[in-house]
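Colleague: Okay, sequence plus prediction incoming.
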Amino acid sequence: MKRTLLIIILLFATACGDDNKTTTEVVETPEGEACEHLAEGPFKAVTAAAASIDAVENAAVEHTRVNVALTDYEGAKGGFVEFEADATGDFLMFLSADVPLTVFDSSGNEVVIESTTLGSDLCTDIAATHTVELEVGTYVLAFGPTNVTEVGLVHELSGAAHDDAQ
Amino acid sequence: MHCLNKVLLAVLTLMPACTFEDGLPWAKANFEVNAAFSSEGRQIADRIKTSKDYEIRLDGLEVDLVAITLNTSTDGVISTFDPADPPQGYGLCHNGHCHADDGRLVDYAAIEAELAGAGVSGESVVQSIDRSVDLIQGGLVPLEDCLNDCEMGRGFLQTVDLRVGTVELRGRVFDTRADSRLPAEGVELRGLVKLDAVFSQAVKGEVGGSELPGISVTANLIISAPVFDVLDFAQLQIDDAVDLADYPEILPEFNEKLKNTEMFDVNISRHQL
């Protein structure tokens, strides 16, 4: 009888422990967050400049889809915007259209894009993802030439939202 | 007198003395405040870098801390924050922050404090600080008088607010770009900025219930280097100096950046008096 009672108590105790595990919060990945912001915003509009020296609008707005209106550029569409990196690390640039992207530092030197991925398994809003390592400072993003007139940009710092507790 | 009657009389005489200790408050708070500056991820030798490619050598950074306040409500928990059902004025909530309708990114903790603050209806314990604190040195902040000796009536803990009056900075700012926007030797940086900001965090607990009557409030404020990212010093310099006091128009953006980059956390612990 006592053994039966002990087994029942242990079974209840186990059930309570499992309940706690199910309450763990699930944190999004950078790609998941980019899908959300590309689809739902919030939105900010900036206009690309025709020359890098005029690239005065900052497109580094956290957790926001920045819609970059492209201008006439090399016989097609494109242009330049500023990007103020507020941390050092791998920045993921999620674009709504597969527009050519080149990154320059403030001295005009090209910054190597480490990797580019087309499409996404999570959503159709991401057309291309570029990974580029930046330090704290101001950079210039050059878009185009392309035939699209606007491209949406969401950026995430790799590792900033990587504690994907499941 | 019968022996039993004597004992009963003695018990009745002593009982009120044991049961009612006249003059003891329902609870009493005590505060500890720490304040510091963090240059984490921004330090280059004796300077800090900003996202606009400036470097600042900070010789002084002081904030005027006015008071820390523990607010209570007589009505218990007024509201609870649910990211799946954001309160009015907020939209998308995920990954620890919500998007306010006016474009701000607001941490869950700040929204909880806002909701809890809206429910403040009880008394407040105001611990005066009233001193300028050197953030570069950092550390424990000496405190002044506490209103009503920090004694509290019955109620429910709601928020802890830390009020900051001004921030004053001294140093020198340099430009790191090849096409320099400032003289090579940099320019003097100074300024007294009137913030009048309140950092707030929601707290929980009951006064006068089953919890212990001693309430220890430990508050930590860290102001970090990205707060200077909003400043384009080349646009602000006059006669080889930048005096932020000359530009009250930058205050809203500076305040907003401060709220987005500061770290304010509060811990409450209970103990016997």
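Modeller: All right, it came through fine. Numbering: from 1, shown residues only, chains lettered A, B, ... in the order given.

Colleague: tell me the contacts of the residue of the stretch 51-200 of chain B found nearest chain A?
Modeller: Nearest to chain A in the stretch 51-200 of chain B, going by CB to the nearest CB, is B:S51, at a distance of 4.0 Å. Every C-beta, even on glycine, is put in place using the N, C-alpha and C of the backbone. Residues touching B:S51, when contacts are defined by CB atoms under 8 Å, 6 or more residues apart in numbering or on different chains, comprise A:A60, A:E84, A:A85, A:D86, A:V136, A:G137, A:T138, B:P226, B:D229.

Colleague: Using the three-state scheme, assign the nearest residue to B:L147 once chain neighbours are set aside.
Modeller: Beyond its immediate neighbours in the sequence, the residue positioned closest to B:L147 (CB to CB, 6 or more residues apart in numbering or on different chains) is B:V126, lying 4.2 Å away. Here B:V126 is strand, with the state taken from DSSP: H, G, I helix; E, B strand; the rest coil.

Colleague: dump the residue contacts of B:V126.
Modeller: With contacts defined as CB under 8 Å, 6+ apart, the neighbours of B:V126 are B:A67, B:I68, B:T69, B:C146, B:L147.

Colleague: pretty sure the last one contacts B:E123?
Modeller: No: using CB atoms under 8 Å as the test, B:L147 is too far from B:E123 to be in contact (9.3 Å).

Colleague: follow-up on the earlier one: could you dump the contacts of B:V126 to CSV with secondary structure?
Modeller: Supplementary listing: the contacts of B:V126 in CSV, determined by three-state DSSP:
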residue, secondary structure
B:A67, strand
B:I68, strand
B:T69, strand
B:C146, strand
B:L147, helix
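
Colleague: Which among these count as buried?
Modeller: B:A67, B:I68, B:T69, B:C146 (16 or more other CB atoms under 10 Å in any protein chain shown).

Colleague: how about these in CSV, adding distance to A:P30?
Modeller: Rendered in CSV, the data for the buried ones among the contacts of B:V126 read as follows (distance: CB to CB, whole Å):
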residue, distance to A:P30
B:A67, 40
B:I68, 37
B:T69, 38
B:C146, 46
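
Colleague: Angles on the backbone of A:G119, please.
Modeller: Backbone torsions of A:G119, given as degrees, to the nearest 10, read phi 70, psi -180.

Colleague: so who does it touch?
Modeller: Under the criterion of CB under 8 Å, 6+ apart, the contact partners of A:G119 comprise A:I126, A:A127, A:A128.

Colleague: SS state for the first one?
Modeller: I take that to be A:I126. Judged by three-state DSSP, the three-state class of A:I126 is coil.

Colleague: Neighbours of the residue lying closest to it once chain neighbours are set aside, how many?
Modeller: Distances taken as CB to CB, 6+ apart place A:S120 nearest to A:I126, at 3.9 Å, with adjacent residues excluded. If you count neighbours by other CB atoms under 10 Å in any protein chain shown, A:S120 ends up with 18.

Colleague: Report pLDDT for A:S120.
Modeller: A:S120 carries a pLDDT value of 96.

Colleague: What's the separation between it and chain B?
Modeller: Here the criterion is CB to the nearest CB, to the nearest Å. By it, A:S120 lies 17 Å from chain B.

Colleague: Make sure that residue is indeed in a strand.
Modeller: No: secondary structure assignment (three-state DSSP) places A:S120 in coil, not in a strand.

Colleague: for it, what are its contacts?
Modeller: Going by CB under 8 Å, 6+ apart, the list of residues near A:S120 reads A:E31, A:C35, A:I126, A:T129.

Colleague: do the same with B:R190
Modeller: Under the criterion of CB under 8 Å, 6+ apart, the contact list for B:R190 reads B:L169, B:R170, B:G171, B:A241, B:V242, B:D243, B:L244, B:A245.

Colleague: Tabulate the residues you listed (TSV), appending pLDDT, secondary structure and distance to B:S39.
Modeller: What follows is those, written out as TSV (pLDDT from 0 to 100; DSSP: H, G, I helix; E, B strand; the rest coil; distance: CB to CB, whole Å):
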residue	pLDDT	secondary structure	distance to B:S39
B:L169	94	strand	13
B:R170	97	strand	16
B:G171	97	strand	12
B:A241	95	strand	23
B:V242	96	strand	19
B:D243	95	strand	22
B:L244	92	helix	19
B:A245	90	helix	23
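
Colleague: List buried residues within those.
Modeller: So, by 16+ other CB under 10 Å, the buried ones in the contacts of B:R190 are B:L169, B:G171, B:V242, B:L244.

Colleague: per-residue confidence for the residue nearest to B:L147?
Modeller: At B:V126, the pLDDT value in this model is 95.

Colleague: With distance to A:D90 as added columns, please give the contacts of A:G119 in JSON lines.
Modeller: What follows is the contacts of A:G119, written out as JSON lines (distance: CB to CB, whole Å):
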{"residue": "A:I126", "distance to A:D90": "17"}
{"residue": "A:A127", "distance to A:D90": "20"}
{"residue": "A:A128", "distance to A:D90": "16"}
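
Colleague: so which of these is the most crowded?
Modeller: The member of those surrounded by the most neighbours (other CB under 10 Å) is A:I126, with 24 neighbours in all.

Colleague: thought A:L38 was touching A:F94?
Modeller: Yes: under the contact definition of CB under 8 Å, A:L38 touches A:F94, with a separation of 6.5 Å.

Colleague: all strands of the stretch 151-273 of chain B, in order?
Modeller: Per DSSP state E, counting those that start in this stretch, the stretch 151-273 of chain B has strands spanning B:151-152, B:155-175, B:187-202, B:206-207, B:214-224, B:241-243, B:263-271. These are given in chain order.

Colleague: Do a quick rundown of the helices in chain A.
Modeller: When secondary structure is read from DSSP state H, chain A shows helices at A:2-21, A:30-40.

Colleague: So the last one, near chain B or not?
Modeller: Okay, so that is helix A:30-40. Yes: using CB under 8 Å from any CB of the partner chain, helix A:30-40 reaches chain B at A:E33, A:E36, A:E40.

Colleague: Which residues are in contact with the residue of chain A found nearest chain B?
Modeller: Proximity of chain A to chain B (CB to the nearest CB) peaks at A:E84, 4.0 Å away. Residues counted as contacts of A:E84 (CB under 8 Å, 6+ apart) are A:N58, A:A60, A:G137, A:T138, A:Y139, B:S51, B:K52, B:D229.
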